[in-house]
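Visitor: Here is a sequence with its predicted model. Questions after.
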Amino acid sequence: MPVPCHHGRMPRNGRFPIRYSPWVALPFRLMALPPGGSFVELDDRTMRVRLGWAFSARIPRPLVAAARTAPPVHLTIGAHGWRGRWLVNGARDGIVEVDLAEPVRAFTAGFPLRLRQLVVSLEDPDAFMAALDVPSP
């Protein structure tokens, strides 16, 4: 979890683990999706998303238009999408929705897709939102 800089502001960079429910951790490990390979990583230019081999994306930070925390999702865990909206999660809660100004190329199981909204479960959604520092719609 990022800690405030010496001037009191949250850093804009860091790695934010994808949240795994206890009942998901073992099946995901058996599918070669360990928690250590599942994260959202921010640097000054890019937001990188990984759910092991199941999902990956590199999103230029200027294309992140808005983000917000969201209520828990129901029934589904993993990487699932339709029409550019992709849910990447290991838990039902800790959900953040990220809207993009334009679609970017991402991959699920190595197959390309167009991503326009990312919905992701994070261990610390509030720290991520502070680091992302974009408007909430």
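Guide: Yep, it's here. Note that the coordinates shown come from a computational prediction; the quantities given were computed from them, not determined experimentally.
Visitor: Pull the residues that contact the worst-scoring helix or strand of the chain on mean pLDDT.
Guide: Scoring the helices and strands of the chain by mean pLDDT, DSSP states H and E places helix 22-30 at the bottom, with a mean of 87. Contact partners of helix 22-30, identified using CB atoms under 8 Å, 6 or more residues apart in numbering, comprise Tyr20, Pro34, Pro35, Ser38, Gly52, Ile77, Gly90, Ala91. For glycine as for every other residue, the C-beta is placed from the backbone atoms N, C-alpha and C.
Visitor: what about the third one, neighbour count?
Guide: Right, Pro35. The local packing of Pro35 (other CB atoms under 10 Å) involves 17 other residues.
Visitor: swap in the one 10 residues further on?
Guide: The number of residues packed around Arg45, counting by other CB under 10 Å, is 9.
Visitor: What of Leu113?
Guide: Neighbours around Leu113, by other CB under 10 Å: 16.
Visitor: phi, psi of it?
Guide: Note on Leu113: its backbone torsions stand at phi -150, psi 170 [degrees, to the nearest 10].
Visitor: partner residues bridging it?
Guide: Ala106 (DSSP bridges).
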